[in-house]
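*Asks:* can't give you the sequence, but here's the structure:
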DNA sequence: CGTCTAATCAATCAGATGATTGAATCGTAC
DNA sequence: GTACGATTCAATCATCTGATTGATTAGACG
């Protein structure tokens, strides 16, 4: 357990994480991080010689925090549902995580080593979804005419756009979410003013 | 035409826009903006008393630049196709615009007035897509069992996640794009092991 | 020419910011 | 209790950064 080994170090990372979530990189100051922990700036530099080192600490923490949510067990359909539910809960209880991830994603555009980390997590996420989709499809729980690879890419992109760049009311977030589930086949189409006609395109 | 009225002012905004795209808010310095135009800092402050004023200028420029791409004429299906094609081209020729939009979207989380602007553009985008989808649907060019409202939300979220937070290789961007078009019905399902059956939902 | 205004610049300020230094403090081993 | 390594702090540095000041230039107008 690396947690209790260096409490001060972890506290500094946690404080930086919080500030990064609320103020972004634009407003991340070493002094403020130290103050939040109630520690002298020199102490911060004792553990993290350079600001960049502290940032790497936050990156590791945030990415690990997110990767935790990727795990799961049970049927593929169940895991899929659990994954969606988990994200919904996460966005409600811990929106800071998405704020931090967004900051990191953007910074990754200018920082090759960070881009590698963020991209890796992204790829892992997409790979997990692809596998889950394929398995759920084999279980017969999903639309059969669905490309798992492409759909996984769309899901990841949609969730990133929804949770990491939420420029609108929560109602739109929920609508996006539901539509995504419908597209995958996890949700029955419940159109109230539904068209009962169904044109055939072919 | 507000463009040629104040060339220096526009040049400053353009320079700030460029720096914002490459360095983000984290690396936006008034001195650098002034230097890029070849002008004294005091001159910058003559036109933009505060840094925030300059930023507002960039916001207006970027948002206007993006809203331009939302226009269109012709059949709904044609407009939809044109819209997707336009975004593809834009992401290839002018990725800075998406970088700036991402910066603004994130900053909007902490700045109410900015959030209003970004959210407004977002809403307009979604509304346009919804209308287009509905019309294309009436034209019979799209899957009939598709909720325009929900699908518009998903499309916007996906495109934001894809272009504004591109943490992966371009190949994934293209895959996401194609899958999105397939979902809407703009692209024939070219699955080699294709299913010819078409399920009825009701 | 003289005056007024818009535009521009060199020089500078005040505060912020990442980082360093040298001196405590504290617990542990001898 | 002395010595030593690990922590922590007060004080300070060097630089950066947004902003201001006062002077200068250029053009318009009479």
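*Replies:* Great, that's in hand. Bear in mind the structure is a predicted one, so any value in this text is a computation, not a measurement.

*Asks:* what distance do you get for residue A:81 to DNA strand C?
*Replies:* Separation of residue A:81 from DNA strand C (Cβ to the nearest atom of the strand, to the nearest Å): 43 Å. For every residue, glycine as well, the C-beta is placed using N, CA and C.

*Asks:* quick check on that residue: phi, psi?
*Replies:* Backbone torsions of residue A:81, given as degrees, to the nearest 10, read phi -60, psi -40.

*Asks:* list the contacts of it.
*Replies:* Residues in contact with residue A:81 (Cβ atoms under 8 Å, 6 or more residues apart in numbering or on different chains) are residue A:186.

*Asks:* which residue is the nearest non-sequential neighbour of residue A:25?
*Replies:* residue B:26 (4.4 Å; Cβ to Cβ, 6 or more residues apart in numbering or on different chains).

*Asks:* show me where chain A has helices.
*Replies:* Here chain A has its helices, by DSSP state H, at A:7-23, A:30-37, A:41-47, A:51-68, A:76-93, A:95-108, A:112-138, A:148-159, A:170-184.

*Asks:* next, the angle from the fifth one to helix A:112-138.
*Replies:* Translated: helix A:76-93. 140 degrees (axes from the mean of the first three to the mean of the last three Cα atoms, to 10 degrees).

*Asks:* same question, the fourth one
*Replies:* Between helix A:51-68 and helix A:112-138, the angle comes out at 0 degrees (the same axes, to 10 degrees).

*Asks:* give me the buried positions along helix A:51-68.
*Replies:* The neighbour-count check on helix A:51-68 (16 or more other Cβ atoms under 10 Å in any protein chain shown) flags A:54-59, A:61-63, A:65-66 as buried.

*Asks:* what is the most widely separated pair among these?
*Replies:* Pairwise distances across the buried residues of helix A:51-68 (Cβ to Cβ) peak at 19.0 Å, for the pair A:54 and A:66.

*Asks:* right, and the residue nearest to residue A:25 touches residue A:23 too?
*Replies:* No: using Cβ atoms under 8 Å, residue B:26 is not in contact with residue A:23; the gap is 10.9 Å.

*Asks:* dump the residue contacts of the residue lying closest to residue A:162 once chain neighbours are set aside.
*Replies:* Excluding the flanking residues, the one nearest residue A:162 by Cβ to Cβ, 6+ apart is residue B:157, at 4.5 Å. For residue B:157, the contacting residues are A:157-159, A:161-162, A:176, by Cβ under 8 Å, 6+ apart.

*Asks:* most neighbours of all these, which one?
*Replies:* Among those, the one with the most neighbours (other Cβ atoms under 10 Å in any protein chain shown) is residue A:157, at 31 neighbours.

*Asks:* re earlier: which one of the buried residues of helix A:51-68 is nearest residue B:129?
*Replies:* The closest of the buried residues of helix A:51-68 to residue B:129 turns out to be residue A:66 (Cβ to Cβ; 29.1 Å).

*Asks:* was I right about that closest one contacting residue A:97?
*Replies:* Yes: with contact defined as Cβ under 8 Å, residue A:66 counts as touching residue A:97 (6.3 Å).

*Asks:* common neighbours of those two, please.
*Replies:* In contact with both residue A:66 and residue A:97: no residue, using Cβ under 8 Å, 6+ apart.

*Asks:* excluding covalently adjacent residues, which one is nearest to residue A:55?
*Replies:* Excluding its sequence neighbours, the residue lying closest to residue A:55 (Cβ to Cβ, 6+ apart) is residue A:16, at 7.3 Å.

*Asks:* and the one you found, what's its pLDDT?
*Replies:* Residue-level confidence at residue A:16 comes out at 97, pLDDT.

*Asks:* what residue ranges in chain A are flagged as low confidence?
*Replies:* A:1-5, A:189-202 (pLDDT under 70).

*Asks:* could you chop chain A up by domain?
*Replies:* A:1-68, A:72-186 (automatic domain parsing).

*Asks:* and DNA strand C, is the first one touching that?
*Replies:* So the one you mean is domain A:1-68. Yes: counting by Cβ under 7 Å from any atom of the strand, contacts between domain A:1-68 and DNA strand C involve A:28-31, A:41-42, A:45, A:49-52.

*Asks:* distance from the chain centre to that domain, please.
*Replies:* Distance of domain A:1-68 from the chain centroid (Cα atoms, centre = their mean, to the nearest Å) equals 19 Å.

*Asks:* try the longest one
*Replies:* Domain A:72-186 has its average C-alpha position 7 Å from the chain's average C-alpha position, going by Cα atoms, centre = their mean.

*Asks:* farthest-separated two in the residues of domain A:1-68 next to DNA strand C?
*Replies:* Of all pairs in the residues of domain A:1-68 next to DNA strand C, the most separated under Cβ to Cβ is A:28 and A:42 at 18.3 Å.

*Asks:* in terms of neighbours, single out the busier of those two.
*Replies:* Taking neighbours as other Cβ under 10 Å, residue A:28 and residue A:42 compare with residue A:28 leading, 19 against 8.
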